[in-house]
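Trainee: Just the structure for this:
(one chain, ligands or ions: 1)
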Amino acid sequence: MHSGEMSVFPKISLKPEVTGYLRNVFLNKEVLAAVGPQEAESRFQKLLACLSHPPSSTCVRASTHLAPLEDIRLSLEEELKKQQKCGSSAEEPSVQIAPHPRITDVLLLPVDGPRAVERLSSELVVDAQCGSAVLRGAHVFAPGIVASPKYMKAGDMVSVFSDLEGRCTRGATRFQGNKVFVGNGVAEMDRSAIFVTETPARGVGVRMVDPLYKSPSFDGVLPSMVFLQNLPSVVVGHVLAPQPGERILDMCAAPGGKTCHIAALMGDKGEVVALDRIRNKIDRIRQNAQTLSLQSIKAFRFNSTQAVSDEPTQEAEGPPFPPESFDRVLLDAPCSGLGQRPNMASTWSLKEICSYPPLQRKLFQAAVRLLKKGGVLVYSTCTVTLSENEEQVAWALSTFPCLSLQPQEPHIGSEGMLGAGLSPEQLRLLQRFSPELSWEQTDTAASLARRADTDTIGFFIAKFLKT
Ligand code: SAM
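Mentor: Down below sits the predicted model:
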């Protein structure tokens, strides 16, 4: 049971002003009236607890545009068995990979944890981003290491800790600050190769052999056939439901996980225009498209708030585009990311969190103008606030009378959250992934698929039709 482990693994650490803000969101008047103060407080506390833990399953999206799901499942099983054989002396490694019962291109792998792992006297510290990756099955890559034992040599066993507040000085030999144990591993490099080099060290610095949460490392595993993606992100592509031959816009696309999924769902027939504001992220979209053998993606660096132009232009391939240029638009908006898991600590201020809704509205306005009449707009975020989710939907419906909410398929998350003045019918059309709602019932006896559907990152999806 997850409930028992809460005492040994800390809740997410947030600035007090952010905790206070989130408490007001989860204990808003409408929620209090519906479920009462005790249940509302309990959901909020469960949210803080589950955010610091990884989801209970790893989700991979299979390249079903290239091969049948079962063939990919079997190849993945082979690869992961090879990986396990290299890493241990176990005679017959077992790998459990199940197809999702409703989503035709998803494979699920259970995560084993938290496991009872004994701490060693040699301590190595990694930054919080690296620590979160380790909790999801990654090895420690050298650039993530901030402190290591003074005389560490390749081959030494070390206990790995995640520096929660970014306080550890790079190159330190010990660290007494706020840190969390994430498992044991074997150093692949001497300390001098990590810190005392002219060029920054690259590659695996510590191979995790006894992690707190055990799930396979997908580094270099069948790159053209499987793509690591959170389950709600895969749901977004299906909800958008792109059709072969259509012209689709993905307004905030990097690194391109959803862009590639859209192109795959269209059988790579049609055009997927991917925009992102940051230049080097465009290369990631192109690399991902190339790895997955997708030709229909065209990626451009562009500020999507300015992606629509009223100037009569010749039919241009790139942005800006004339109004009503696209059959479907995905706005996977930049957001405060408070649904991401595992996230053991966030140093964000309330001001930073509150900076997103105005930007999301500017992007939304451009999205509505770029969409053809009869077209579909999907808005999604990986955060849990009302202001970036249900309140944006309420604003959109009152600002754009041409938009109406649409049912989503699949709808495996819960309905929208109370507090933004939306009607029960409108809330039912929204899809919110709320891991806190099932946190206590999430036990090992529950089926893998059921746990995978509920124990996800926090996420939000709304689907609109423009008439
Ligand atoms: N859809 C992506 C995926 O599935 O891989 C993730 C997108 S992430 C949530 C949001 C992205 O929006 C970031 O890559 C960020 O660079 C981009 N972004 C932020 N402001 C933008 C703007 N004004 N125009 C275009 N992209 C923007």
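Trainee: Quick check, the residue in the stretch 201-350 of the chain closest to the ligand?
Mentor: Of all residues in the stretch 201-350 of the chain, Cys252 sits closest to the ligand, at 3.1 Å by CB to the nearest ligand atom. Placement of C-beta: from N, CA and C, glycine included.
Trainee: Tell me the first helix or strand C-terminal of the longest helix along the chain.
Mentor: Ranked by residue count, the top helix of the chain under DSSP state H comes out as helix 29-51. Following helix 29-51 in sequence order, the next helix or strand is strand 57-62 (DSSP states H and E).
Trainee: Is that following strand in proximity to the ligand?
Mentor: No - counting by CB under 6 Å from any ligand atom, the ligand has no neighbours in strand 57-62; the shortest distance is 10.9 Å.
Trainee: Mind listing residues that contact that strand?
Mentor: 69, 72-73, 76, 100, 105-111, 136-137, 215-216, 218, 225-231, 234, 257, 261, 448, 451-452, 455 (CB atoms under 8 Å, 6 or more residues apart in numbering).
Trainee: ok, and the closest non-adjacent residue to the residue in the chain sticking out farthest from the centre?
Mentor: Largest separation from the mean C-alpha position in the chain: Pro312, at 38.9 Å (CA atoms, centre = their mean). Leaving out its chain neighbours, the residue that sits closest to Pro312 by CB to CB, 6 or more residues apart in numbering is Pro322, at 7.8 Å.
Trainee: is it true that the one you found touches Ser309?
Mentor: Yes - the pair Pro322 / Ser309 is scored as a contact, 6.5 Å apart, by CB atoms under 8 Å.
Trainee: Now do the SS call for the residue farthest from the centre of the chain.
Mentor: Classification of Pro312 using DSSP: H, G, I helix; E, B strand; the rest coil returns coil.
Trainee: which parts of the longest helix of the chain are buried?
Mentor: For helix 29-51, a neighbour-count test (16 or more other CB atoms under 10 Å) marks 31-32, 40, 42-51 as buried.
Trainee: swap in stretch 216-230?
Mentor: Pro216, Ser217, Phe218, Val221, Leu222, Met225, Val226, Phe227, Gln229, Asn230.
Trainee: Mind putting the residues you listed into CSV with secondary structure and pLDDT?
Mentor: Below are the buried residues of stretch 216-230 laid out as CSV (DSSP: H, G, I helix; E, B strand; the rest coil; pLDDT from 0 to 100):
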residue, secondary structure, pLDDT
Pro216, coil, 89
Ser217, coil, 86
Phe218, coil, 90
Val221, coil, 94
Leu222, coil, 97
Met225, coil, 98
Val226, strand, 98
Phe227, strand, 97
Gln229, coil, 97
Asn230, coil, 97
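Trainee: secondary structure class for Phe464?
Mentor: strand.
Trainee: returning to that earlier point: got a list of what the residue of the stretch 201-350 of the chain closest to the ligand touches?
Mentor: Applying CB under 8 Å, 6+ apart, the residues contacting Cys252 are Leu275, Asp276, Arg277, Ser304, Leu331, Asp332, Ala333, Pro334, Leu363.
Trainee: Throw together a ChimeraX command that grabs the buried residues out of the residues you listed.
Mentor: Selection of buried members from the contacts of Cys252 for ChimeraX, criterion 16+ other CB under 10 Å:
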select :275,276,304,331,332,333,334,363
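Trainee: what sits up against the lengthiest strand in the chain?
Mentor: As far as residue count goes, and with DSSP state E defining each element, the longest strand of the chain is strand 371-381. Applying CB under 8 Å, 6+ apart, the contact partners of strand 371-381 are 232, 236, 239-241, 324-333, 335, 339, 360, 364, 367-368, 388-389, 392-393, 396, 402-403, 406, 459-467.
Trainee: now for the helix or strand hosting Arg328, which elements pack on it?
Mentor: Arg328 is located in strand 326-332, with elements delineated by DSSP H and E. Helices and strands touching strand 326-332, by 3 or more CB pairs under 8 Å, 6 or more residues apart in numbering; DSSP states H and E, are helix 231-240, strand 247-250, helix 257-265, helix 356-370, strand 371-381.
Trainee: can I get these in TSV with distance to the ligand?
Mentor: Below are the helices and strands packed on strand 326-332 laid out as TSV (distance: least, CB to the nearest ligand atom, whole Å):
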stretch	distance to the ligand
helix 231-240	6
strand 247-250	6
helix 257-265	4
helix 356-370	6
strand 371-381	7
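Trainee: neighbours of Ser121, just the number please.
Mentor: 8 (other CB atoms under 10 Å).
Trainee: so who does the closest residue to it other than its chain neighbours touch?
Mentor: In this structure, Ser121 finds its nearest non-sequential neighbour in Ser159, 8.0 Å apart by CB to CB, 6+ apart. Taking CB under 8 Å, 6+ apart, we find Ser159 in contact with Arg119, Leu120, Ser121, Ser122, Glu123, Leu124, Phe181, Gly183, Asn184.
Trainee: so the closest residue to the first one other than its chain neighbours, which of the three states?
Mentor: Once flanking residues are discounted, Arg119 sits nearest to Ser159: 4.8 Å by CB to CB, 6+ apart. State at Ser159, reduced to three classes by three-state DSSP: strand.
Trainee: Could you number the chain from 16 rather than 1 from now on?
Mentor: Noted, 16 is the first residue going forward, which turns the last one into Ser174.
Trainee: Quickly list what Ser174 is bridged to.
Mentor: Glu138, Asn199 (DSSP bridges).
Trainee: what does the chain put close to the ligand?
Mentor: Checking the chain against the ligand by CB under 6 Å from any ligand atom, the hits are 248, 267-273, 290-293, 296, 318-320, 347, 349.
Trainee: Go through the residues you listed and flag which are in helices.
Mentor: Counting by DSSP H, these contribute Ser248, Gly272, Lys273, Lys296 to helices.
Trainee: Show me the one in these that has more neighbours than the rest.
Mentor: Lys273 (24 neighbours).
Trainee: How far does the strand holding Arg343 sit from its chain's centre?
Mentor: Mean-position distance between strand 341-347 and its chain equals 19 Å (CA atoms, centre = their mean, to the nearest Å).
Trainee: between that strand and helix 246-255, how big is the angle?
Mentor: Angle of strand 341-347 versus helix 246-255, following axes from the mean of the first three to the mean of the last three CA atoms, to 10 degrees, is 160 degrees.
Trainee: show me what contacts Leu307?
Mentor: Ser78, Leu81, Ser239, Phe242, Cys275, Ala278, Ala279.
Trainee: sorry, back to before: tally of neighbours for the residue nearest to Pro327?
Mentor: For Pro337, using other CB under 10 Å, the count is 15.
Trainee: for it, phi and psi?
Mentor: phi -70, psi 160 (degrees, to the nearest 10).
Trainee: if I look at the residue farthest from the centre of the chain, how far off is Gly390?
Mentor: According to CB to CB, to the nearest Å, Pro327 and Gly390 sit 21 Å apart.
Trainee: again with Arg134
Mentor: 55 Å.
Trainee: And the two? Which one has more around it.
Mentor: Set Arg134 next to Gly390 and count neighbours by other CB under 10 Å: Gly390 wins out with 22 against 12.
Trainee: thinking again about what came up before, contacting residues for the residue nearest to Pro327?
Mentor: Pro337 neighbours (CB under 8 Å, 6+ apart): Val323, Ser324, Asp325, Pro327, Thr328.
Trainee: correct me, but the second one touches Pro335?
Mentor: Yes - taking contact to mean CB under 8 Å, the distance of 3.7 Å between Ser324 and Pro335 places them in contact.
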